[in-house]
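Q: just need the structure, nothing else, for what follows:
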Amino acid sequence: MQTLSIDASTQEIAQGLRACLRDFSPEVRRKAEGGYQVVVSLRGNDAEIVALLSALQRHVTEQGDGAARVDLAGRSYTLHPEPV
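A: Numbers count the residues shown, from 1 in each chain. Okay, the predicted model is just below:
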């Protein structure tokens, strides 16, 4: 099973991410080196990944907490807020 993880610097940010991704059954984990990670187990469905990334993009744009660092399939990506 593939996972997508999002780094969060604080528990508050992690909980916000968890709330916006609630339809994908996210899990919040504390990282050993500090900070948090929001992890979603994926079923490998492309439509699911697109929907998850769209929800995350909306959240990043609306919350104003800055960019989100996402890890998927061993690769790291950064989602930046869309210009208003």
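
Q: longest helix of this structure?
A: helix 46-63 (DSSP state H).

Q: give the next helix or strand downstream of that one.
A: strand 68-72 (DSSP states H and E).

Q: quick one: that following strand to helix 46-63, angle?
A: Put simply, strand 68-72 runs at 170 degrees to helix 46-63, going by axes from the mean of the first three to the mean of the last three CA atoms, to 10 degrees.

Q: remind me what strand 68-72 packs against, helices and strands.
A: When contacts are defined as 3 or more CB pairs under 8 Å, 6 or more residues apart in numbering; DSSP states H and E, strand 68-72 sits against strand 2-8, helix 46-63, strand 75-79. C-betas here are computed from N, CA, C, even on glycine.

Q: Val40 is nearest to which of those?
A: strand 2-8 (4.9 Å; CB to CB).

Q: now do that closest one: everything it contacts.
A: With CB atoms under 8 Å, 6 or more residues apart in numbering as the test, strand 2-8 has contacts from 14, 17, 28, 31, 35-42, 44, 49, 52, 56, 68-73.

Q: save the helices and strands packed on strand 68-72 as CSV, and put in mean pLDDT too.
A: Output for the helices and strands packed on strand 68-72, formatted as CSV (pLDDT from 0 to 100):
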stretch, mean pLDDT
strand 2-8, 95
helix 46-63, 93
strand 75-79, 95
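
Q: most packed of these?
A: Burial of the helices and strands packed on strand 68-72 is given as mean neighbour count (mean count of other CB atoms under 10 Å); strand 2-8 ranks first at a mean of 19.
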